[in-house]
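Novice: I would like the atomic coordinates for the input below:
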Amino acid sequence: MKKELIELRAAMSKHGVDCYIVPSGDYHGSEYLNDYFKTRAYVSGFTGSAGTLVVTQDEAKLWTDGRYFIQAAAQLDGSGIELMKMLEEGVPTIDEYLDALFEKWHDADANANRVLGFDGKVLDNNRGTKYQETAEKHGVSIECELDLVGEIWTDRTELKGSNIWPLPLSSCGIDYDAKITEVRALMTEAGATHHFIAGLMENAWLYNLRGNDVDYTPVFFSFTMISPEEVTLFLLPGACDESLIPKGVKVRDYFEAMDSIKALPRDAKLLMDPKSTSYAFFAAVPDGVEVIEALSPATRLKSVKNPVEIESTINAHVKDGVAMVNFIYWLKKEVACGASLTEISASDYLESMRKAQDGFIDLSFDTISGYMSNGAIIHYKATPETDKALEPKGFLLVDSGGQYIDGTTDITRTIALGPLTDKMIESYTTVLRGHIALASARFPDGTTGAELDVITREPLKAAGINYNHGTGHGIGHVLCVHEGPNSISEVGGKDQPIIPGMITSNEPGVYFEDEFGIRIESEILCKIADCEDCDGDEACDGTPCYDFQTITYCPLEPAAIDVNMLSNEELDFVNGYHREVFDTLSPLLTPEVRDWLADECKALEK
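Specialist: This next block holds a predicted model:
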């Protein structure tokens, strides 16, 4: 059993807490966390980006999703923590588990004063409210201001800000004044007089500023309060040269943000996003203030890229394509020559190719480089203990991306290092068919991400295979590689139509545990369809009609494609895409790499 779990239980006893929840989160609902906030990883040893730990004196359970089942099982082994595989048959949700636990407590002693504890500052309001409702139903008390992990984590990283820097208009396209005007207009539409912005991406977007406070995401710790008279930005001390702050914006200390909520007038109508604003901030709202729970206007606005952002991010994808093609050329040549390479050394070389590109800032997430069986681990991270040697056969799955001054990229290519089995080729081609189905989809206005998810999975389901993750996520502009509200998935994509200007990933896959994994991912830009039967603005029935432009430039794996499994239209897509990749990248490559790319992109025939 982990000593951190033992120490947490001792802290629970000290504070009279019977059940304690450790989520994956910070004060802003971020996906990627600053080291200061990695409390769940500290206690459990599980380092995946998503997971919730629930601890009592008798048991400890960690819930995570299908991306992390294999990783979590390995990292939790011997820890005294049981893995709870979300959405698997027979596995209760956290709410169901708590409901049964509290009922058992009541049956054992109806008069006992039981306490559920968590740190409400790092728990989003939706989750915190659910826990509160479940506890109150059973007469269990709530303690929501307990950072018990902070009490036992003696060498915890200090929370301090990085230097903040401006994103040029040549990348972002719209200045602060125009953005705050748009935000205020949507506030008025929602009936709000005030808006508290906790999301780090929303704050960075609003001010056209960036930082380095969160892994792989160029944002800075901040809150914003917008009132009818002023805008206040809350920052960590010394984080920013105030000359960078837009004129008229008031700057206050980061830790005074909650005070601005507590000081609101009683007639205020406060808009807060429950997904990015923590339970503790909602709890701080004074009596009489009306709370409007809604998506932040900034979230909605930043998801639709303006023309300058689109042009800029396409330029970033060209750079990223050069890095990827140089990497794949080197990788295949080295492996074929018998060079001693591993998952980590391959990943390191790819990073060096990105660093060589003009305007490179950072990776956009930790590169997934998984050879054969490790490629079947959806969010695999190679370590010295798991680092596989690459052999001249089979697949290396590489999911990676970069942050550039002009955009954010995310790409997955499954690369053949040598001979492939029939199963590998058949599986790759089937995944490719799903990828093509989404990339070439034409759809009416109002089509949701959930509906597009169905289209993508059809070829795979027809072959008796599927994948345990979403098909696509929104991608930020020099922000987090994962952003909403756009999502192409069965669950997360139900409520949000995909509309022109949104950039989303297209990444179906298939994973055979202990064998190999396949994923093909490119970014797709939603645009108004150029329909031959109408004027381009409306579909033939009068409904606006949209389609996608693939903006990722890197060849697919021709050695893994069975052309006889493709329809003529699918084959045309592959050949057309490869022509575009070659035409776009070839002027930027050395003669040797250009010749190799020409061979990779030559037309496939049945």
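
Novice: so where do the helices sit in the stretch 51-200 of the chain?
Specialist: Assigned helices in the stretch 51-200 of the chain, in chain order: 69-76, 94-108, 125-137, 148-152, 169-172, 176-190, 200-207 (criterion: DSSP state H, counting those that start in this stretch).

Novice: Please name the nearest non-neighbouring residue to Ile164.
Specialist: Once flanking residues are discounted, Ile164 sits nearest to Cys240: 4.1 Å by CB to CB, 6 or more residues apart in numbering. Placement of C-beta: from N, CA and C, glycine included.

Novice: hmm, which helix or strand of the protein has the shakiest average pLDDT?
Specialist: helix 69-76 (a mean of 89; mean pLDDT, DSSP states H and E).

Novice: show me the contacts for Gly375.
Specialist: Phe395, Leu396, Leu397, Thr414, Tyr511, Phe516, Gly517, Ile518 (CB atoms under 8 Å, 6 or more residues apart in numbering).

Novice: hang on, Leu597 packs against Val325?
Specialist: Yes - judged on CB atoms under 8 Å, Leu597 makes contact with Val325 at a distance of 5.8 Å.

Novice: which of the two has more neighbours?
Specialist: Val325 (26 against 23; other CB atoms under 10 Å).

Novice: Buried residues, the helix or strand hosting that one. List them.
Specialist: Taking DSSP states H and E as the definition, Val325 sits inside helix 307-336. Residues of helix 307-336 classed as buried under the neighbour-count rule (16 or more other CB atoms under 10 Å) are 308-310, 312-332, 334-335.

Novice: what helices or strands is that helix leaning on?
Specialist: helix 169-172, helix 343-355, strand 402-404, strand 407-408, strand 411-416, helix 568-585, helix 591-600 (3 or more CB pairs under 8 Å, 6 or more residues apart in numbering; DSSP states H and E).

Novice: Relative to Ser30, how far out is the spatially most central residue of the chain?
Specialist: With distances taken as CA atoms, centre = their mean, the residue of the chain nearest its centroid is His482 (3.0 Å). Applying CB to CB, to the nearest Å, the value for His482 to Ser30 is 10 Å.

Novice: Low-confidence bits of the protein, can you list those?
Specialist: Along the chain, segments meeting pLDDT under 70 span 531-541.

Novice: try 50 this time
Specialist: Scanning the chain with the threshold set as pLDDT under 50 gives 536-537, 539.

Novice: hmm, what's the outermost residue in it?
Specialist: The chain, CA atoms, centre = their mean, max distance from centroid: Asn111 (44.1 Å).

Novice: which residues of the stretch 401-550 of the chain fall in strands?
Specialist: All strands of the stretch 401-550 of the chain, identified by DSSP state E, counting those that start in this stretch, fall at 402-404, 407-408, 411-416, 442-444, 472-474, 483-488, 503-506, 509-512, 516-519, 522-528, 545-550.

Novice: How far off centre is the longest one?
Specialist: To tie it back to what came earlier, the one meant is strand 522-528. 18 Å (CA atoms, centre = their mean, to the nearest Å).

Novice: Could you list the paired strands of it along with their orientation?
Specialist: In the sheet, strand 522-528 lines up against strand 503-506 (antiparallel), strand 545-550 (antiparallel) (DSSP bridges).

Novice: buried stuff in that strand?
Specialist: Result for strand 522-528 [16+ other CB under 10 Å]: buried residues Ser522, Glu523, Ile524, Leu525, Cys526, Ile528.

Novice: Kindly reformat those residues as TSV containing distance to Arg252.
Specialist: Putting these into TSV (distance: CB to CB, whole Å) gives the following:
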residue	distance to Arg252
Ser522	43
Glu523	37
Ile524	41
Leu525	38
Cys526	38
Ile528	43
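
Novice: Out of the residues you listed, which is nearest to Ser227?
Specialist: Taking CB to CB as the measure, Cys526 is the one of the buried residues of strand 522-528 closest to Ser227, at 34.5 Å.

Novice: got a list of what that closest one touches?
Specialist: Cys526 neighbours (CB under 8 Å, 6+ apart): Ile498, Ile499, Pro500, Gly501, Met502, Ile503, Thr504, Tyr546, Asp547, Phe548.

Novice: residue contacts, the nearest residue to it once chain neighbours are set aside?
Specialist: Among residues not flanking Cys526 along the chain, Met502 sits closest, at 4.8 Å (CB to CB, 6+ apart). Contacts for Met502 (CB under 8 Å, 6+ apart) come out as Ser303, Val304, Lys305, Gly474, Asn486, Leu525, Cys526.

Novice: Swap in 6 Å and give it another go.
Specialist: Listed by CB atoms under 6 Å, 6 or more residues apart in numbering, the contact partners of Met502 are Ser303, Asn486, Cys526.

Novice: okay if I get these as JSON lines plus distance to Thr447?
Specialist: Below are those laid out as JSON lines (distance: CB to CB, whole Å):
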{"residue": "Ser303", "distance to Thr447": "16"}
{"residue": "Asn486", "distance to Thr447": "12"}
{"residue": "Cys526", "distance to Thr447": "10"}
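
Novice: so which of those residues comes closest to Pro459?
Specialist: So of the contacts of Met502, ranked by how close each gets to Pro459 (CB to CB), first place is Cys526, at 21.3 Å.

Novice: Okay, and the beta partners of the closest one?
Specialist: Going by DSSP bridges, Cys526 forms beta bridges with Phe548.

Novice: Distance check, it against Ser162.
Specialist: For Cys526, the distance to Ser162 (CB to CB) stands at 33 Å.

Novice: again with Pro558
Specialist: 43 Å.

Novice: returning to that earlier point: give me the distance from the helix holding Val325 to the chain's centre.
Specialist: Worked out by CA atoms, centre = their mean, helix 307-336 lies 21 Å from the chain centre.

Novice: Ok, stretch 67-85 next?
Specialist: On CA atoms, centre = their mean, the centre of stretch 67-85 falls 21 Å from that of its chain.
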